[in-house]
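**Student:** Provided below are the primary sequence and the corresponding predicted coordinates.
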Amino acid sequence: MNSLEIPFNKPFITGNELEYIKDAVEYGHISGNGKYTKLTQQFFERQFGFDKCLLTTSCTDALEMCAILLDIQPGDEVIMPSYTFVSTANAFELRGATIRFADSRPDHPGIDERSISPLINKKTKAIVVVHYAGVATDMDLIMNLADEHGLYVIEDAAQSINSYYTHGDGSVSPLGSIGHLGTFSFHETKNIMAGEGGMLVINEPEFIDRAEVIWEKGTNRTAFFRGEVDKYGWVDIGSSFLPSELNAAFLYAQLSNLIRIQQKRMAIWNKYHKALEETCIRLSISQPVIPDFATNNGHMYYLVCKTPEQRTNLITHLRELGIHSVFHYQSLHASDYFKLKHDGRNLLNADSYSDRLVRLPFYYELTTEDQDLIITAINKFGGRRQSLFRKDWTEPIVNSHAAVG
């Protein structure tokens, strides 16, 4: 087997990260909520029209802040997709909520919007939607359903920077701005990254003051620094959700190159999509579907194989050529932690994506030559690889792990 030549992901430097980090250190405030935290928050508020943004150490932390802000208690029910990263569920599980998992769409790994209504009852408090691969859920349908039943909506927009939703009336909204609350990730696998980082978007003014308190460990420290109170103290629950200024400075340098990054990622996505079309038809492999109401932000490129065996063979075929592809989420309703809590419903689409979806290498510095190698390798894939089976083994040889986030 070849040594790894083309990784699944590769963090990149745009050019100003170290300069901004040095500036943050010399500025004399690196613990958080300083110069670069404010610059980053202002960027999002101005660029995308978000009402209020708070930078966090991760999207996980932003989701946990959502659960606290909505005062989720034991006995409350929260609806969310099963096909998502565990952080989406953990945030509400930690508050004692009962999680009701919904299935995925048949044409896209995102939540099946029409599967939500039967799950709503008098205990339901919130719906969490995940914009998988930066592709929007049908937010008009979701918000109408929430309004009808008096529910909160949280957008897990971890993968969705610079992605949009077109409403039925023709207006366009950035993802993260439509629900009552939104969350983003800046993990190293995302379009814009800080190594680790996230952001809470607050679209309801009633939540802003309390969000700042929760963000500052349960104190009114932010109000104190604005001169609104003469001293600060412990006024609510909270935690250490602020990132350091070093992370914020790194992130701000990336944001300064957002347009350039997005143009390159979309070029990579479009090349995959066009070049693999004939092979996908030949092998009955599905390519990504972008609904009419959604845009594509070039976050990832995935394929949905015909069978689990075909996916195993494709991943191994690529690995033997030094190309690292990965499968993605495993259905949370069937996880070791949750399966005994699940209500028994079959979530066939979520399980199907767990078994058949594969993500291809995708990062800013993916060269034309390396992408050509990946495409050629897939186009030469025949769907079966008998050589993968050893006489003394009963299972195919696989060396692959799901990607985080």
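**Tutor:** That came in fine, so what should we check first? Numbers count the residues shown, from 1 in each chain.
**Student:** how about the helices in this structure?
**Tutor:** With DSSP state H as the criterion, the chain has helices at 17-27, 35-48, 59-69, 86-93, 139-149, 208-215, 221-225, 245-255, 258-275, 277-283, 308-320, 348-356, 368-379.
**Student:** make JSON lines from those helices and add mean pLDDT to it.
**Tutor:** Compiled in JSON lines, these are given as follows (pLDDT from 0 to 100):
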{"stretch": "helix 17-27", "mean pLDDT": "96"}
{"stretch": "helix 35-48", "mean pLDDT": "98"}
{"stretch": "helix 59-69", "mean pLDDT": "98"}
{"stretch": "helix 86-93", "mean pLDDT": "98"}
{"stretch": "helix 139-149", "mean pLDDT": "98"}
{"stretch": "helix 208-215", "mean pLDDT": "96"}
{"stretch": "helix 221-225", "mean pLDDT": "85"}
{"stretch": "helix 245-255", "mean pLDDT": "97"}
{"stretch": "helix 258-275", "mean pLDDT": "98"}
{"stretch": "helix 277-283", "mean pLDDT": "97"}
{"stretch": "helix 308-320", "mean pLDDT": "97"}
{"stretch": "helix 348-356", "mean pLDDT": "98"}
{"stretch": "helix 368-379", "mean pLDDT": "97"}
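**Student:** contact partners for the closest residue to His342 other than its chain neighbours?
**Tutor:** In this structure, His342 finds its nearest non-sequential neighbour in His333, 4.5 Å apart by CB to CB, 6 or more residues apart in numbering. Glycine gets a C-beta too; all of them are placed from N, C-alpha and C. Counting by CB atoms under 8 Å, 6 or more residues apart in numbering, His333 touches 82, 101, 339, 342, 345, 347, 350.
**Student:** ok, back up a step: make CSV from the helices of the chain and add mean neighbour count to it.
**Tutor:** Shown next, in CSV, are the helices of the chain (neighbours: other CB atoms under 10 Å):
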stretch, mean neighbour count
helix 17-27, 15
helix 35-48, 18
helix 59-69, 25
helix 86-93, 22
helix 139-149, 16
helix 208-215, 20
helix 221-225, 16
helix 245-255, 25
helix 258-275, 16
helix 277-283, 14
helix 308-320, 19
helix 348-356, 20
helix 368-379, 16
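**Student:** need those helices in CSV (columns: distance to Pro7).
**Tutor:** Output for the helices of the chain, formatted as CSV (distance: least, CB to CB, whole Å):
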stretch, distance to Pro7
helix 17-27, 20
helix 35-48, 27
helix 59-69, 22
helix 86-93, 23
helix 139-149, 34
helix 208-215, 34
helix 221-225, 40
helix 245-255, 19
helix 258-275, 14
helix 277-283, 23
helix 308-320, 12
helix 348-356, 23
helix 368-379, 10
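**Student:** now the terminal residues of stretch 40-58, how far apart.
**Tutor:** 14 Å (CA to CA, to the nearest Å).
**Student:** so Glu212 is in contact with Thr222, correct?
**Tutor:** Yes: contact criterion CB atoms under 8 Å: Glu212 and Thr222 qualify, at 4.4 Å.
**Student:** could you count how many residues lie near Ile6?
**Tutor:** 23 (other CB atoms under 10 Å).
**Student:** start the count at 20 instead of 1 going forward.
**Tutor:** Taking 20 as the first residue, the last one we looked at is Ile25.
**Student:** any idea what it is bridged to?
**Tutor:** With DSSP bridges as the criterion, Ile25 is bridged to Ile342.
**Student:** can you name the residues that contact it?
**Tutor:** By CB under 8 Å, 6+ apart, the neighbours of Ile25 are 341-343, 380, 385, 389, 392-393.
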